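K.L.:
structure for this input, please:
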Amino acid sequence: MRRTQLYLNEDMARLLAAESRRRGTTVSALVREAVAAQYGRPEANERATIIHRLAGVWAGREDIGATATFVRGLRRSTRPERWSGAERGKIPARQRHRH
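P.N.:
Predicted coordinates:
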């Protein structure tokens with residue numbers, strides 16, 4: 001742990017002191033908890049937190065058009081284009097399996 005010095009106004013110091021007494025913990029622990037809640041990063045194994053943070057990351061992108069069309073394009077087979085050199089419906093010899 002690294003030691004850090006903070007300057008707090010009187011109201012903040014009173015609030016933290018009262019909360020630390022109420023919880024039975026130290027002011028330092030309260031500050032660490034607040035910093036972790038506000039600025040902390042999720043643990044690598046907190047999958048749900050990571051998924052929640054990534055939700056909607058592509059929202060509003062205009063360069064890919066409609067999402068359904070984009071996904072359909074990714075999933076579309078390129079086999080017909082790859083086989084375009086052969087007669088339509090015939091499988092090139094190198095692609096045939098011999099049984």
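
K.L.:
tell me, what residue is most central in this protein?
P.N.:
Nearest residue to the geometric centre of the chain (Cα atoms, centre = their mean): Leu54, 3.3 Å.

K.L.:
residues in contact with Arg3?
P.N.:
Applying Cβ atoms under 8 Å, 6 or more residues apart in numbering, we find Arg3 in contact with no residue. Using the backbone N, CA and C atoms, a C-beta is placed for each residue, glycine as well.

K.L.:
tell me which element it is part of?
P.N.:
Counting by DSSP states H and E, no helix or strand carries Arg3.

K.L.:
and the pLDDT at it?
P.N.:
pLDDT for Arg3: 91.

K.L.:
before we move on, what about the one 5 residues further on?
P.N.:
Looking at Leu8, its pLDDT stands at 94.

K.L.:
what of Ala59?
P.N.:
pLDDT recorded at Ala59 is 76.

K.L.:
quick one: contacts for it?
P.N.:
So Ala59 contacts nothing (Cβ under 8 Å, 6+ apart).

K.L.:
kindly recompute the last result at 10 Å.
P.N.:
Taking Cβ atoms under 10 Å, 6 or more residues apart in numbering, we find Ala59 in contact with Thr67.

K.L.:
could you look up the SS state of it?
P.N.:
Classification of Ala59 using DSSP: H, G, I helix; E, B strand; the rest coil returns coil.

K.L.:
same thing with the one 5 residues further on?
P.N.:
At Ile64, secondary structure determined by three-state DSSP is coil.
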